[in-house]
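Colleague: Fold the following, please.
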Amino acid sequence: MNQTPHGIIVPLVTPFDAQQNVDETALRRIINHVIEGGVHGVFVAGTTSEFYALSPEEHSELFQLQWMRCMAVYRSMPGRRA
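Modeller: Numbers count the residues shown, from 1 in each chain. Down below sits the predicted model:
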C-alpha cells in the first residue's frame, strides 16, 4: 500500500538517562503524549540532531519501540543518520 504522508507529523526528541542511554520509559511517555494530542505520524532517531549520539543498536532499538507502540495508531517515519 502506497500512502503519501499527510497531516501533523512531529519529530520526537530522543530522551537519554543520566548514563547517556536511551530512556525507554521517557520515550514511551513522549509517544503516548503526541498520540493523545492527535498527531498523524512521528519521526524518530535523528530528526532533532541527536543522530551523532546514537549507536546503530540504539537507532534500531528506537525504531522497534516506535513500531510496537505506533503502527496500530498511525504511520511512523524513521529518521535517517547523516
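Colleague: For the protein, give me the ranges with low pLDDT.
Modeller: Applying pLDDT under 70 to the chain picks out residues 1-3, 5, 46-47, 49, 67-82.
Colleague: give me that answer again for 50
Modeller: Confidence mapping of the chain against pLDDT under 50 gives the ranges 82.
Colleague: In it, mark out all the strands, start to finish.
Modeller: 9-11, 41-44, 75-78 (DSSP state E).
Colleague: what's across from the residue most central in space within the chain in the sheet?
Modeller: Nearest residue to the geometric centre of the chain (Cα atoms, centre = their mean): residue 44, 2.9 Å. Note on residue 44: beta-bridge partners by DSSP bridges are residue 78.
Colleague: Check which helices and strands the longest helix seen in the chain sits against.
Modeller: Ordering each helix of the chain by length in residues (DSSP state H) puts helix 56-70 first. Where contact means 3 or more Cβ pairs under 8 Å, 6 or more residues apart in numbering; DSSP states H and E, helix 56-70 is packed against helix 24-36, strand 41-44, strand 75-78. C-beta: built from backbone N, CA, C; applies to glycine.
Colleague: winner for burial among the ones you listed?
Modeller: Comparing the helices and strands packed on helix 56-70 by mean neighbour count (mean count of other Cβ atoms under 10 Å), strand 41-44 ranks first with a mean of 21.
Colleague: helices or strands up against that strand?
Modeller: Contact here means 3+ Cβ pairs under 8 Å, 6+ apart; on that basis strand 41-44 packs against strand 9-11, helix 56-70, strand 75-78.
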